[in-house]
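1. Fold the following.
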Amino acid sequence: MTHPHAGARIPFLKGHGTENDFVIVPDPDGRLDLSAADVARLCDRRAGIGGDGLLRVVRSAAHPEGAALAGEAEWFMDYRNSDGSIAEMCGNGVRVFARYLQREGHIEAGDLAVATRAGIRHVHLAKDTEDGGQGDITVSMGRATLPGGDVSVGVDGRTWPAINVGMGNPHAVAFVTDLDEAGDLLHAPAVAPAGAYPAGTNVEFVVDRAPGHVAMRVHERGSGETRSCGTGACAVMVATARRDGLDPLRTGAAATYTVDVPGGRLVITERADGEVEMTGPAVILAEGTIDPAWLWGPTH
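-> Prediction:
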């Protein structure tokens, strides 16, 4: 793969899911080689296009990490955080990824399998509403894992106990009395013990709104505070359910929570088989082209 310095301009789109926003780069044949620095440049909100992350849309067969999944899913979501680092999974990103495929006519309303670094994610696109609005998108996010062990998070000298939840990527969920207690979240909260998350973690702060209804703020590993985090909302739902004494795998009864994020609202269900489903909106709002001379030129 080479940088197409002299080639055609590179198409991109911009989309968001509950205001978790992404630069979308269609690359069906896997020809673009985007370095971490390239991704960070594109996601820069002042000098670039701006986004919490980047979604590269590649056919699974054309991506070395997706090839083994090509028999199950035609498309691979190559997701990067805004600092260019690779992430295993992005729940809001999967919905936006699916909306892009629908917009381009690759898929229609109904069911879709998407390959990710965390495995196959099954997606359902609801039909458009009668008033012409776009239907919500539901993503099967896999089962949560709860490794156990005592962990805590800290901000500005205060610490809270946290629940370690895996959703294909790591999370530390802390319950607080007011979301302002999380501070400005410009920097990653302290997490202890140091070995609990060797590759870093996402940190969620949660307050109760009503029975079955919580609100959260999140510091996403590699991106800072974001307006929404799909895997984080799932982790929060599972942590809250366990706090409330609910475990669908044990009881055989599904549990559903509404999770408010700064950018909107998600509905999360943990089914009786342990599968976690996330439902929410996804919007494609603009498209354009990237000038390769800007991205890879001498001022790079």
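2. going forward, measure contacts and count neighbours with C-alpha atoms only.
-> Will do.
3. what ranges of the stretch 201-300 of the chain fall below the confidence cut-off?
-> Regions of the stretch 201-300 of the chain meeting the criterion pLDDT under 70 cover residues 299-300.
4. Now do the strands in it.
-> Applying DSSP state E, counting those that start in this stretch to the stretch 201-300 of the chain gives strands spanning 202-210, 213-220, 224-226, 255-261, 264-270, 275-280, 283-290.
5. what's the domain layout of the protein?
-> Using automatic domain parsing, the domain parsing of the chain gives 10-136+283-296, 151-279.
6. In the chain, what residue spans correspond to helices?
-> 36-43, 91-103, 230-243, 248-251, 292-296 (DSSP state H).
7. Could you list the buried residues of the last one?
-> Going back to what we said before, that points to helix 292-296. Residues of helix 292-296 classed as buried by neighbour count (16 or more other Cα atoms under 10 Å): P292, L295.
8. In CSV: the domains of the chain, plus distance to G142.
-> Below are those laid out as CSV (distance: least, Cα to Cα, whole Å):
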stretch, distance to G142
domain 10-136+283-296, 7
domain 151-279, 5
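9. Which of those domains sits closest to T145?
-> With Cα to Cα as the criterion, T145 lies closest to domain 151-279 of the domains of the chain, at 4.9 Å.
10. So what would you say the end-to-end distance of the closest one is?
-> 29 Å (Cα to Cα, to the nearest Å).
11. quick one, strands of the stretch 1-150 of the chain?
-> 10-17, 20-26, 53-59, 75-81, 110-116, 119-125, 137-143.
12. mind putting those in CSV, mean pLDDT included?
-> Putting the strands of the stretch 1-150 of the chain into CSV (pLDDT from 0 to 100) gives the following:
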stretch, mean pLDDT
strand 10-17, 97
strand 20-26, 97
strand 53-59, 98
strand 75-81, 97
strand 110-116, 96
strand 119-125, 95
strand 137-143, 96
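13. JSON lines for those, including mean neighbour count?
-> Output for these, formatted as JSON lines (neighbours: other Cα atoms under 10 Å):
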{"stretch": "strand 10-17", "mean neighbour count": "21"}
{"stretch": "strand 20-26", "mean neighbour count": "25"}
{"stretch": "strand 53-59", "mean neighbour count": "25"}
{"stretch": "strand 75-81", "mean neighbour count": "26"}
{"stretch": "strand 110-116", "mean neighbour count": "20"}
{"stretch": "strand 119-125", "mean neighbour count": "19"}
{"stretch": "strand 137-143", "mean neighbour count": "23"}
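14. got the strands of the stretch 201-300 of the chain as a markdown table, with distance to V173 columns?
-> As requested, those are arranged in a markdown table below (distance: least, Cα to Cα, whole Å):
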| stretch | distance to V173 |
| --- | --- |
| strand 202-210 | 5 |
| strand 213-220 | 9 |
| strand 224-226 | 14 |
| strand 255-261 | 13 |
| strand 264-270 | 16 |
| strand 275-280 | 16 |
| strand 283-290 | 27 |
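15. And these: which comes nearest H122?
-> Of all the strands of the stretch 201-300 of the chain, it is strand 275-280 that lies closest to H122, at 9.5 Å by Cα to Cα.
16. Specify the angle between that closest one and helix 230-243 in degrees.
-> Inter-element angle recorded for strand 275-280 and helix 230-243: 120 degrees (by axes from the mean of the first three to the mean of the last three Cα atoms, to 10 degrees).
17. strands paired with strand 275-280, and their directions?
-> strand 137-143 (antiparallel), strand 264-270 (antiparallel) (DSSP bridges).
18. Kindly reformat those strands as JSON lines containing distance to A188.
-> Listed next are the strands paired with strand 275-280 as JSON lines, based on distance: least, Cα to Cα, whole Å:
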{"stretch": "strand 137-143", "distance to A188": "25"}
{"stretch": "strand 264-270", "distance to A188": "23"}
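19. still on that earlier bit, please identify which of the strands of the stretch 1-150 of the chain is closest to V238.
-> Nearest to V238, of the strands of the stretch 1-150 of the chain and by Cα to Cα, is strand 137-143 at 9.7 Å.
20. quick one, that closest one and helix 91-103 angle?
-> Using the same axes, to 10 degrees: strand 137-143 against helix 91-103 is 140 degrees.
21. now strand 137-143, how far from the chain's geometric center?
-> The chain centre lies 11 Å from the centre of strand 137-143; the measure is Cα atoms, centre = their mean, to the nearest Å.
22. got a list of contacts for it?
-> Here strand 137-143 makes contact (Cα atoms under 8 Å, 6 or more residues apart in numbering) with 91, 94-95, 121-126, 167-168, 231, 274-282.
23. Next, the angle from it to strand 10-17.
-> Using the same axes, to 10 degrees: strand 137-143 against strand 10-17 is 80 degrees.
24. Please consider this matter closed, and thank you.
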